[in-house]
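**Student:** Next one to model:
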Amino acid sequence: MKYICLGYIEPGKFAGMTEDEQHAMLDECFEYDDHLRANGHFAAGEALQPPETALTLYWRNGKVATTDGPYAETKEQLGGILVLEARDMNHAVQLISQHPGVKYGPFEIRPAADLNEMIRESKERRRRSTER
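**Tutor:** Next up, the predicted model:
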């Protein structure tokens, strides 16, 4: 099963580290990511640019509107996303609890939703509506 792991970090924490500390953190995290890959648990992952580069879209007055910055106002900011393959939530927690990134900010773990049946039903409804 896939689990989406959202890694957070306090703004300025990484920038406040020495270059050696930054390298040590990155090397440790990437080494663990390699371990996850080698054991079939790393399905995907991406780091994010800083929150000030974000653009949030929302629906207002019948159309899409935008605002600069992230949606959530929180102390920690979303720093990256990891898609993990695990047997169950306990296994996902076990794997992520060993990730060195946990020392630098919290991780949120959520099971990925399986939308296959909903997608199939939607396709069928759309197919039927075009046949009329």
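
**Student:** For residue 24, give its distance to residue 31.
**Tutor:** For residue 24, the distance to residue 31 equals 11 Å [CB to CB, to the nearest Å]. (C-beta placed from N, C-alpha, C; glycine too.)

**Student:** again, but for residue 56
**Tutor:** Distance from residue 56 to residue 31, by CB to CB: 34 Å.

**Student:** cool, and residue 63?
**Tutor:** 47 Å.

**Student:** neighbour count winner among the two?
**Tutor:** residue 31 (10 against 6; other CB atoms under 10 Å).

**Student:** Mind checking what secondary structure that one has?
**Tutor:** helix (DSSP: H, G, I helix; E, B strand; the rest coil).

**Student:** contacting residues around the helix or strand of the chain with the lowest mean pLDDT?
**Tutor:** In the chain, no helix or strand scores lower on mean pLDDT, DSSP states H and E than strand 55-60, which sits at a mean of 89. Strand 55-60 is contacted from outside by 64-71, using CB atoms under 8 Å, 6 or more residues apart in numbering.

**Student:** and it, C-alpha only, in CSV?
**Tutor:** C-alpha atoms of strand 55-60 as CSV (Å, rounded to 0.1, in the frame of the first residue of the first chain):
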residue,chain,number,x,y,z
LEU,A,55,1.0,29.9,-5.3
THR,A,56,-2.3,28.8,-3.8
LEU,A,57,-5.4,28.4,-6.0
TYR,A,58,-8.9,28.5,-4.7
TRP,A,59,-12.5,29.1,-5.9
ARG,A,60,-14.0,32.5,-5.3
